[in-house]
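> After the sequence you'll find the predicted model.
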Amino acid sequence: MVDVQSEGGVTRIFLNRPEKVNALDSALLSVLLDAINRVAASPDSRAVVLGGRGKAFCGGADVRELSALSASNAGAFVQRIHDVCAALRKLPVPVVARLHGAVIGAGLEIAAACDLRIAAEGTRFSMPEVRLGIPSVVEAALLPRLMGSGRAAWLVLTGEAIDARRAYEWGLVEQIGGDGELALLLENLLKCEREALSMQKRLLQLWEEAPLAASIEKSIELFGEAHR
């Protein structure tokens, strides 16, 4: 259910359940988390690309599993989604989401947990959970940080889809393009020193959450650490 390829310091992880539009069930989430953890343990990895096989990146949570959830196990299911997102954010190397087709619900949350996002023309993004009678949760909390609170509210309150061009204009993705644009981005990332990128990634996440004074204090600390 997950295809992993490593070459030249770049690990490519593909959701590989194309017959189900790469819908996320517990089994796929478990395998994906294992793959991410293996990358974290590899000193040779310099960057990660996360994509999807078939006609879409990810169609969201598996509808069959969603329909079987109850009050007693629903929390455990979304915890698995969060565990994957948290593992992506904790990776010591940059993670690029390579998006195409549909990026829906939990699939969009996983994309939001990546460091950078490139979307193919024609990609559609949506958070339709409210139409299913449930709220968008876990890493949907990253959306206001990426897009601003009003645009994030538009996505999660209406359930309507937006296209790649609007996603780019709203700040949800950093670039629209294909393999050429991805190759250039990876080339630029591989030019950088691995530990410096790791420090910068940690700082970016701190800047999202910490007060300005704490962010500056930690920046000074890591700057000294880099020189040591």
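Okay, I see it. Numbering: from 1, shown residues only.
> the domain parsing of this structure - what is it?
2-185, 193-227 (automatic domain parsing).
> List the residues that contact the residue nearest to residue 27 when sequence neighbours are not counted.
Once flanking residues are discounted, residue 27 sits nearest to residue 1: 6.5 Å by CB to CB, 6 or more residues apart in numbering. All C-beta atoms are positioned from the backbone trio N, CA, C, and that covers glycine. Counting by CB atoms under 8 Å, 6 or more residues apart in numbering, residue 1 makes contact with 15-17, 27-28, 31-32.
> which residue ranges form the helices in the protein?
All helices of the chain, identified by DSSP state H, fall at 26-40, 63-67, 74-90, 106-113, 143-147, 149-158, 164-170, 179-190, 194-209, 212-227.
> and of those helices, who's closest to residue 123?
For these, proximity to residue 123 was assessed by CB to CB; helix 164-170 is nearest, at 4.3 Å.
> mind listing what's buried in the closest one?
Buried residues in helix 164-170, counted by 16 or more other CB atoms under 10 Å: 164, 167-168, 170.
> likewise stretch 126-146?
In stretch 126-146, counting by 16+ other CB under 10 Å, buried: 126-129, 136-140, 142-143, 146.
> Give me the subset of these that lies in strands.
Those of those mapping onto strands are residue 126, per DSSP state E.
> For the buried residues of stretch 126-146, give me TSV that also has distance to residue 87 and pLDDT.
Listed next are these as TSV, based on distance: CB to CB, whole Å; pLDDT from 0 to 100:
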residue	distance to residue 87	pLDDT
126	24	98
127	21	98
128	25	97
129	22	97
136	20	97
137	17	96
138	13	96
139	11	97
140	17	97
142	14	98
143	19	98
146	19	97
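> Would you check how far apart residue 54 and residue 88 are?
Distance, residue 54 to residue 88, using CB to CB, to the nearest Å: 21 Å.
> so what's residue 37 up against?
Residue 37 neighbours (CB under 8 Å, 6+ apart): residue 87.
> Give me the pLDDT value at it.
As predicted, residue 37 sits at a pLDDT of 97.
> just residue 225 next, same as before
pLDDT, read off for residue 225, is 84.
> Around it, count how many other residues there are.
Using other CB atoms under 10 Å, residue 225 has 10 other residues around it.
> Name the nearest residue to it, ignoring sequence neighbours.
In space, residue 225 is closest to residue 199, 7.3 Å off (CB to CB, 6+ apart).
> Also residue 118?
Closest residue in space to residue 118, ignoring its immediate chain neighbours: residue 175 at 4.7 Å, by CB to CB, 6+ apart.
> got it, and residue 143?
With CB to CB, 6+ apart as the criterion, residue 143 has its nearest non-adjacent residue at 3.9 Å, and that residue is residue 152.
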